[in-house]
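Have a look at this prediction, sequence included:
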Protein chains: 2
Amino acid sequence: MLSQKMVELGSKKSTIREIFEFGKKRAEIVGKEKVYDFSIGNPNVPAPVSVKSAILDILENENPTSIHGYTSAQGDDNVRSTLAESINKRFGTKFTKANLYMTVGAAASINICFKALANEGDEFITFAPFFPEYKCFVEGVGGKLVIVSAKIEDFQINFDEFEKKINDKTKAVIVNSPNNPSGVVYSEETILKLVAILEQKSIEYGHAIYLISDEPYREIAYDGTDVPYLTKYYKNTFVCYSYSKSLSLPGERIGYIVVSNEMEHFTDAYAAICGGGRVLGFVNAPSLFQKVVAKCSDETADISIYEKNRNLLYEGLIKMGYKCVKPQGAFYLFPQSLEPDAKAFCEKAKEYDLLLVSGDDFGCPGHVRISYCVQTEQIINALPIFEKLAKDYKA
Amino acid sequence: MLSQKMVELGSKKSTIREIFEFGKKRAEIVGKEKVYDFSIGNPNVPAPVSVKSAILDILENENPTSIHGYTSAQGDDNVRSTLAESINKRFGTKFTKANLYMTVGAAASINICFKALANEGDEFITFAPFFPEYKCFVEGVGGKLVIVSAKIEDFQINFDEFEKKINDKTKAVIVNSPNNPSGVVYSEETILKLVAILEQKSIEYGHAIYLISDEPYREIAYDGTDVPYLTKYYKNTFVCYSYSKSLSLPGERIGYIVVSNEMEHFTDAYAAICGGGRVLGFVNAPSLFQKVVAKCSDETADISIYEKNRNLLYEGLIKMGYKCVKPQGAFYLFPQSLEPDAKAFCEKAKEYDLLLVSGDDFGCPGHVRISYCVQTEQIINALPIFEKLAKDYKA
């Protein structure tokens, strides 16, 4: 007999992936331009030209067996040193290659952290709205995901509920800022309050409560918004980074974990990350792209396009009467749905080939996620559809 | 508290990786040419030129957001169709894209199969000598690895012991042919006998016992040796393939799983594979290299170099009095160590900077693995060292 749990997880897929597949099928039938697919966070902005140059340069000047060969499990030494320097330069941290572990993208980064930390029955707390795969990963390593409900007025943290849900079994807290799906960036005030609670509770329960910062959207912040670097606020922090969004390389699966140099039992913590990666079957992060991201470490894709899209879509929707917290980062809007049941609202939108994702999937009912990492033209063409939809609800 | 199991697995590393790291350090001290590193299966033959051409062609002619974008979790449709056709052409199978699931290399392929199949307490049987990471993966998904000891006269299967160890808890059997570390290819006779037992026991216990064929070395077979394609012998077969060795791309982490079209409950079995990949944190196989392997599906690296190395090393060692089953595939020799304790023998070899891996790590004491995927010159230079070592034992 197969693992029924895996059959189920593989049959259902993530809702997002399901809508994405639906969109691809619809595009074959009605034409791509008639499908307003806002379902998936697949960056539409191409990778910067430096990515192509880096690949060509490596192919031309390096030895093929070294380009495509195994690296150490934790990643190429030079790559890790280069990335550590780049982080230090930007955030005033003091990392070396010894703090970095290269990964097969953000999903790998997060899951490796979970695997490194989890003992059977451990609890991991996250704050709605949250990336739905967290649940699948935490349960996959024998833990339990505990969800603190959303503070819907500004999508910062609902601290009262958090303090009630933290307990002796709490192993770690996962934050994701800039947030998928709300687009909100946690303020320094929020971080300070969070950290104060973690410190106090770690003392109270006599063991570290770790902080996992899932930050693939770090570079995508608007209006000069500062995204606090969490190792500077809390010693027991793991940073999970990915180049999927910053360099528009989501399919290449390349990222890293930073194990804070101030973490208690640092050597063991780094070893546990190595152990987690090993047991999950990640031998090393893709070797060519390790070298590519090192060469492009100070670059990003052209993020101004996302900001333009945000402004266009946010202002458009607000004018039509949609209610939405203005996002300062990532490439998502997370407005309230026009009926309490967000799933029913998404189904209604689907009739217009307007593909949105229900907030229920992110632990935040009554909202929908709109991924605006699409051609600006799609937004322009979709605005009248959003308006029609709004009118349907007024009628 | 961290997961102590992960700390342990991450601290110890695999023995092979440990020796590999030791070799890199020694090379910095005594010079690369003075270290005779036969520890790791890192192909020394470069990827065929078609790999570079394929990368350049894709970069030049395809859209960057599509080159580097997410693919479906199971892999790009065109890639899977192309690979299915290539397999059909070579082995007379009848696969379509629906049978293929692209993976982040062989470790991912195997671990996804384990995750797809394992319920708590399930047993997975493998035959010594075997790839040591199997244990780590099987235990990581809550199963137990049961080892059938080696048939050291020819490294085919010890069927008597196998029949004693198969029971109602047996979920699957893992075979690896051409074998790491013995280099032996299972004969058709062995396969027919294995399959007959699996069929009989599946009926006896009233549930399928799956066959997982781990075959990254399929293309590396010498002397015209035929490597049977196992879906043609047994319906409940998963084939785990990787391009690490065939195209010399070990660092790029690219491979696939074939779910046999004759498998019982096929739809569920394929879904379980998707579920396994999802829970382990594999979002999709690296996108550029999916496209590259499709373009190079009928190619291999220059395997003749391995054959030359095998002949040179095998004949050299036999002349010196080493005892060794002649391998027909892969790029390993697995001779008997010159003292019963293979670990002690490896330590002795290490004094000459001759790096071998003890057979104990492969569940087969009294033997050592020699990876001959190295420059032929290294073999020529190492032969006198092997001879010195042999003399030490005669003295």
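Okay, I see it.

pLDDT score assigned to A:Lys13?
A:Lys13 carries a pLDDT value of 65.

Tell me where the stretch 251-395 of chain A has helices.
Using DSSP state H, counting those that start in this stretch, the helices assigned to the stretch 251-395 of chain A run over residues A:266-280, A:287-295, A:304-319, A:342-351, A:376-394.

Same list, those helices, but as a markdown table with distance to chain B please.
Glycine gets a C-beta too; all of them are placed from N, C-alpha and C. Formatted as a markdown table, the helices of the stretch 251-395 of chain A follow (distance: least, C-beta to the nearest C-beta, whole Å):
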| stretch | distance to chain B |
| --- | --- |
| helix A:266-280 | 3 |
| helix A:287-295 | 3 |
| helix A:304-319 | 12 |
| helix A:342-351 | 20 |
| helix A:376-394 | 13 |
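
Need these in TSV (columns: mean neighbour count and mean pLDDT).
As requested, those are arranged in TSV below (neighbours: other C-beta atoms under 10 Å in any protein chain shown; pLDDT from 0 to 100):
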stretch	mean neighbour count	mean pLDDT
helix A:266-280	24	96
helix A:287-295	24	98
helix A:304-319	17	96
helix A:342-351	18	96
helix A:376-394	15	95
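
Distance check, the residue of chain A most remote from its centre against chain B.
Ranking residues of chain A by C-alpha distance from their mean position (C-alpha atoms, centre = their mean) puts A:Ala395 at the top, at 37.6 Å. A:Ala395 sits 37 Å away from chain B, going by C-beta to the nearest C-beta, to the nearest Å.

And for A:Lys235?
Distance from A:Lys235 to chain B, counting by C-beta to the nearest C-beta: 15 Å.

Output the below-cut-off pLDDT ranges for the stretch 51-200 of chain A.
Along the stretch 51-200 of chain A, no part satisfies pLDDT under 70.

what about 90?
A:64-65, A:72, A:120-121 (pLDDT under 90).

Would you state the strands of it in chain order?
Taking DSSP state E, counting those that start in this stretch as the criterion, the stretch 51-200 of chain A carries its strands at A:100-103, A:123-127, A:144-148, A:170-175.

that older thread, turn the helices of the stretch 251-395 of chain A into CSV, including distance to A:Lys94.
Putting the helices of the stretch 251-395 of chain A into CSV (distance: least, C-beta to C-beta, whole Å) gives the following:
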stretch, distance to A:Lys94
helix A:266-280, 13
helix A:287-295, 19
helix A:304-319, 31
helix A:342-351, 44
helix A:376-394, 41
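
Nearest to B:Ala301, out of those helices?
Closest approach to B:Ala301 among these (C-beta to C-beta): helix A:287-295, 15.7 Å.

for that closest one, packing partners?
When contacts are defined as 3 or more C-beta pairs under 8 Å, 6 or more residues apart in numbering or on different chains; DSSP states H and E, helix A:287-295 packs onto helix A:49-61, helix A:64-67, helix A:77-91.

For chain B, what is the nearest residue in the stretch 101-250 of chain A?
Here the stretch 101-250 of chain A gets closest to chain B at one residue, A:Asn111, 3.4 Å apart by C-beta to the nearest C-beta.

Spatially nearest residue to that residue (excluding sequence neighbours)?
B:Gly281 (3.4 Å; C-beta to C-beta, 6 or more residues apart in numbering or on different chains).

Kindly indicate whether A:Tyr241 is helix, strand or coil.
Following DSSP: H, G, I helix; E, B strand; the rest coil, the label given to A:Tyr241 is strand.

Tell me how many other residues surround it.
By other C-beta atoms under 10 Å in any protein chain shown, the residues close to A:Tyr241 number 25.
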